[in-house]
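Chemist: coordinates for the following, if possible.
(one chain, ligands or ions: 1)
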Amino acid sequence: MSAPDRRNHAAPKALVLPAEPLAEPGTELPLVFKAPKRNKPAPHWIDLTPDERRAAVTELGLPAFRAGQMGKHYFGRFETDPSTWTDLPADLRATVTEKWFPNLLTQVSQQRCDGDTTVKNLWRLHDGSLVESVLMRYGVRPARAGEAELGSEADSGEAGRTGTHQRVRSTLCISSQAGCGMACPFCATGQGGLQRNMSTGEIISQVLEAEKLLASGALPGGPGRVNNIVFMGMGEPMANYKAVMAAVRTLVAPPPDGIGMSARGITVSTVGLVPRIQQLTTEGLPVTLALSLHAPDDELRDELVPINTRYKVDEVLDAAWEYAKQTKRRVSIEYIMIKDINDQAERARLLAKRLKARGDWGWVHVNLIPLNPTPGSKWTASRKADEREFVRVLESYQIPVTVRDTRGQEIDGACGQLAASERDLVAAQP
Ligand code: SF4
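Modeler: Residues are numbered from 1 along each chain as shown. Now for the predicted structure:
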């Protein structure tokens, strides 16, 4: 593994910049790093460390071993209603519920598409903030119109047959903030600004709800578990670092302390908060880092991803490279393909050179994402021919590249769109 080689970092002259600023004049939003402190949710069992949970039950007059029993119900079997915990004295269940298990998420709506293999939930938090999560199932036969009972035996059987070719997997995309302060002009969430950070309890509750849905067998493919978690819903996870890291630790801790997922199944994304990437490098958690780059040159990235005005392309790539080097985890470079904005072959070449300059040891993978435009957006996805050429150029430099499947397009115009349209709806009400 060699140190980054900067010889190829000079931007070529032929890069095309948009004729007009990307944000409408007068509409540029400020970058917001500090979330308002107001409107925190009530403390929840999930927010406590294992030691604090034991202390919490002893405060209620219960022996410490009850914490383990409760954790087995809650994290091990996804029984999130303490009134069903029959091994807990009946008179204490209500006390426990009131003290440590307040409701954190209220479902506002659920939309399904792709034959019910994509499920998008919009949640209301206790203060009215809206966040969303999307569950995607792979390797199953999607339900067809007119199939009344999802997850029926017949359906599971069919899924089993298709599963001989592809394992059934479930990926959950979750939010980490209500809104976002990173102000990316192509993103619905960014345009709404940052309301507040989500608590660890609120973050993990999205996972528990998905686990309950999957365990119920109500989706095509029959009962299952969440295999992968991606922090790519609303918000910039690294701007809510403490709560996100506590959530990751809860995800990987085995029951009764957590859900017991593999860290390798967890992806934490960032637009490039360099100090937090450096901090993540030291955590000893082999999660996948996904860097939302979206442009390989500072000139365009300053506009497309405003955090770039603070941390430049070379700085974020160096931090990502160091992450890969220390953790031995391949970094994913996320690149939204926007027609005539960032999709030119010359930018593919510059991206390839900047990645190659940091070594050839398989440290990086590029994930191209066709833009799913927000309503009224002046931008749209790249032409297929331009997308193919972008892929070809990257591959000619031996950079591994995939084009992300655009699951949930019917319901997911872009991250934050569902919450944004719900906000519009609420605002329009007298
Ligand atoms: S793209 Fe991500 S980081 Fe940028 S504003 Fe949207 S949610 Fe925030």
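Chemist: interface residues of the stretch 151-300 of the chain facing the ligand?
Modeler: 180, 182-184, 187, 189-190, 234-236, 271 (Cβ under 6 Å from any ligand atom). Heads up, the C-betas are built off the backbone N, CA and C, glycines and all.
Chemist: now the helices for this protein?
Modeler: Secondary structure of the chain (DSSP state H): helices at 50-59, 65-71, 90-100, 153-162, 188-191, 200-215, 241-252, 274-281, 298-304, 313-327, 345-356, 384-396, 417-428.
Chemist: could you tell me the least trusted of those helices?
Modeler: The weakest mean pLDDT among the helices of the chain belongs to helix 153-162, with a mean of 34.
Chemist: quick one: Leu48 and Ala56 touch, right?
Modeler: Yes. Counting by Cβ atoms under 8 Å, Leu48 touches Ala56, with 6.1 Å between them.
Chemist: which residues are in contact with both of those two?
Modeler: Here Leu48 and Ala56 have Trp100 as joint contacts, going by Cβ atoms under 8 Å, 6 or more residues apart in numbering.
Chemist: I'd like the residues of the stretch 151-300 of the chain next to the ligand as TSV, with distance to Ala324 and neighbour count appended.
Modeler: Formatted as TSV, those follow (distance: Cβ to Cβ, whole Å; neighbours: other Cβ atoms under 10 Å):
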residue	distance to Ala324	neighbour count
Cys180	25	29
Met182	23	26
Ala183	28	21
Cys184	24	25
Cys187	26	24
Thr189	27	29
Gly190	27	27
Met234	27	30
Gly235	24	32
Glu236	20	29
Val271	18	27
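Chemist: okay if I get those as TSV plus distance to Gln398?
Modeler: Below are those laid out as TSV (distance: Cβ to Cβ, whole Å):
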residue	distance to Gln398
Cys180	34
Met182	32
Ala183	35
Cys184	30
Cys187	31
Thr189	35
Gly190	34
Met234	35
Gly235	34
Glu236	31
Val271	26
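Chemist: Leu351 against His294, yeah?
Modeler: No. In this structure Leu351 lies outside contact range of His294 using Cβ under 8 Å: 10.1 Å.
Chemist: which residues are in contact with both of those two?
Modeler: Tyr335.
Chemist: the residue in the stretch 251-400 of the chain positioned nearest to the ligand and Glu334, how far apart?
Modeler: Nearest residue of the stretch 251-400 of the chain to the ligand (Cβ to the nearest ligand atom) works out as Val271 at 4.4 Å. Using Cβ to Cβ, to the nearest Å, Val271 is found at 9 Å from Glu334.
Chemist: what do the two both touch?
Modeler: Contacts common to Val271 and Glu334, judged by Cβ under 8 Å, 6+ apart, are 291-292.
Chemist: need the pLDDT of Leu15.
Modeler: 83.
Chemist: was I right to think it contacts Glu299?
Modeler: Yes. Leu15 lies in contact with Glu299 (Cβ under 8 Å); the separation is 7.0 Å.
Chemist: between these two, which one's more packed in?
Modeler: Leu15 (17 against 14; other Cβ atoms under 10 Å).
Chemist: how much space is there between the more buried one and Ser332?
Modeler: 24 Å.
Chemist: the residue of the stretch 1-150 of the chain found nearest the ligand: neighbour count?
Modeler: As assessed by Cβ to the nearest ligand atom, the ligand sits closest to Leu29 within the stretch 1-150 of the chain, at 8.8 Å. Neighbour count for Leu29, taken as other Cβ under 10 Å: 18.
Chemist: do the same with Ile203
Modeler: By other Cβ under 10 Å, neighbour count at Ile203 equals 31.
Chemist: begin at 605, not 1, for the rest of this chat.
Modeler: Done: numbering now begins at 605, and the last item shifts to Ile807.
Chemist: tell me how far the closest residue to it other than its chain neighbours lies from Ser737.
Modeler: Spatial nearest neighbour of Ile807, chain neighbours left out: Ala851 (4.2 Å); criterion: Cβ to Cβ, 6 or more residues apart in numbering. For Ala851, the distance to Ser737 (Cβ to Cβ) stands at 13 Å.
Chemist: now swap in Gln673 and tell me
Modeler: For Gln673, the distance to Ser737 - Cβ to Cβ - is 28 Å.
Chemist: Cys791 now?
Modeler: With Cβ to Cβ as the criterion, Cys791 and Ser737 are 17 Å apart.
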